[in-house]
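Visitor: Sequence unavailable; structure follows:
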C-alpha cells in the first residue's frame, strides 16, 4: 500500500512540474491571468487511523482562489463533515478541514484543465470505539492532489480531483471530490 502512495506522490510531483512548465510557456503567449474562482465539492474520503479499519466519512468542501501569475493560483479551502462512517464498533467523523494550497494549472484542450495542489491543512476529527466517548483530535499536515476541470458553461465548470488532505502520525485522510466551480 505504501508503494502505491509513493507512486501517487511521484505522479503528483511530475504533474505539478509539467503544469508549472506549461504555465511558464503559456505566459510567453501573453495570456492574462484569470480572475478569482470559487468551488463547491462533495468529498468521498477514506479515513485511516493506525491499524483500525478504513472508514469512509463524507464531506463538503468550499474553496476559492485567484491566479498570482498565469497558470499558478493560490487557493484557500474549508471542509466540513456531512456523513459519519462506521465499521463494526469503530466510528469516524470529519469535523473541519482548513487549508492553503498553490495550484498550478494548464489547459489540455479547449475547456479542459488539469491542475495540481500542494500546501498545508489543519484537520479536526473525532473517533469512537464501541460505547466509549468520542475522542476529538486535530493536527496540521502537508497535502497534495491532482484534478481535472471541464468548462460546462461560460463561467461554470465541473471537476473531479483526488487529494491527500492529511497524513501524519498514522492518521490519513484521502479521497475523491466531485465539484462545481465558477470564475468571477
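Guide: All right, it came through fine. If you're wondering where the values come from, they're calculated on a predicted model, not measured in any experiment.

Visitor: Can you name the residues that contact the residue nearest the centre of the chain?
Guide: In the chain, the residue lying closest to the centroid (CA atoms, centre = their mean) is residue 163, at 4.0 Å. If you count contacts by CB atoms under 8 Å, 6 or more residues apart in numbering, residue 163 has them with 117, 143, 144, 145, 174, 175, 177. Every C-beta, even on glycine, is put in place using the N, C-alpha and C of the backbone.

Visitor: Ok, residue 97 next?
Guide: 59, 61, 77-80, 121-124, 165-166, 173 are the contacts of residue 97 under CB under 8 Å, 6+ apart.

Visitor: For residue 153, which three-state class applies?
Guide: Assigned with DSSP: H, G, I helix; E, B strand; the rest coil, residue 153 falls in the coil class.

Visitor: Tell me the confidence at it?
Guide: Listed pLDDT for residue 153 reads 94.

Visitor: roughly how far out does stretch 173-181 sit from the chain middle?
Guide: Chain-centre distance of stretch 173-181: 6 Å, with CA atoms, centre = their mean, to the nearest Å.

Visitor: List the buried residues in it.
Guide: 173, 174, 175, 176, 177, 179, 181 (16 or more other CB atoms under 10 Å).

Visitor: give me the beta-bridge partners of the last one?
Guide: Read that as residue 181. Following DSSP bridges, residue 181 is listed with bridge partners residue 39, residue 157.
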